[in-house]
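# Predicted model, plus sequence, below.
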Amino acid sequence: MARMRSLMIVDDNARARDALTAYFSGLPEWQVSAEAFDGQDALDQLRTRVPDVVLMDCRMPRMTGPEATRILKRRWPQLKVVILSVYPECRLDAEQAGADAFLIKGCSSEELLSTLLSVIAE
């Protein structure tokens, strides 16, 4: 039996968060351990529980995905971060911030899952 993977979903769009949570809740090997509405909210929640991977939007109020990723990687170097955005130009910011991967919103569920599994395996 596959090991349960924990995931934090960070997105300022509640509908996007809900859709991702619903998708992962239907997968037996994944557990959404937390949801956050921006980078600052994610940092606050990570003080109590660190998941295997954070799936994070790029552009959010208060603190963007790349800004939060820089801090997350400094505090929890083992934490994997995948930035998901509708803006392809966010890729460079994500990479410079230390994100483990970057995906465009609307990618296939197969690409999303394979990316998450590959960053966890690193």
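Right, received. Where do you want to start? Numbers count the residues shown, from 1 in each chain.

# for Ala101, phi and psi?
With angles defined as degrees, to the nearest 10, Ala101 shows backbone torsions of phi -160, psi 160.

# Begin at 102, not 1, for the rest of this chat.
I'll keep to 102 as the first residue from here, and by that count the last item is Ala202.

# Next, count neighbours for it.
19 (other CB atoms under 10 Å). Every C-beta, even on glycine, is put in place using the N, C-alpha and C of the backbone.

# which SSE is the residue positioned nearest the centre of the chain in?
Nearest to the mean C-alpha position of the chain, by CA atoms, centre = their mean, lies Leu156 at 1.1 Å. Assigned by DSSP states H and E, Leu156 belongs to strand 154-158.

# That strand: what's the following helix or strand?
For strand 154-158, the following helix or strand on the C-terminal side (DSSP H and E) is helix 166-176.

# Quick check: what element follows that next one along the chain?
Sequence order places strand 181-186 as the next helix or strand after helix 166-176, per DSSP H and E.
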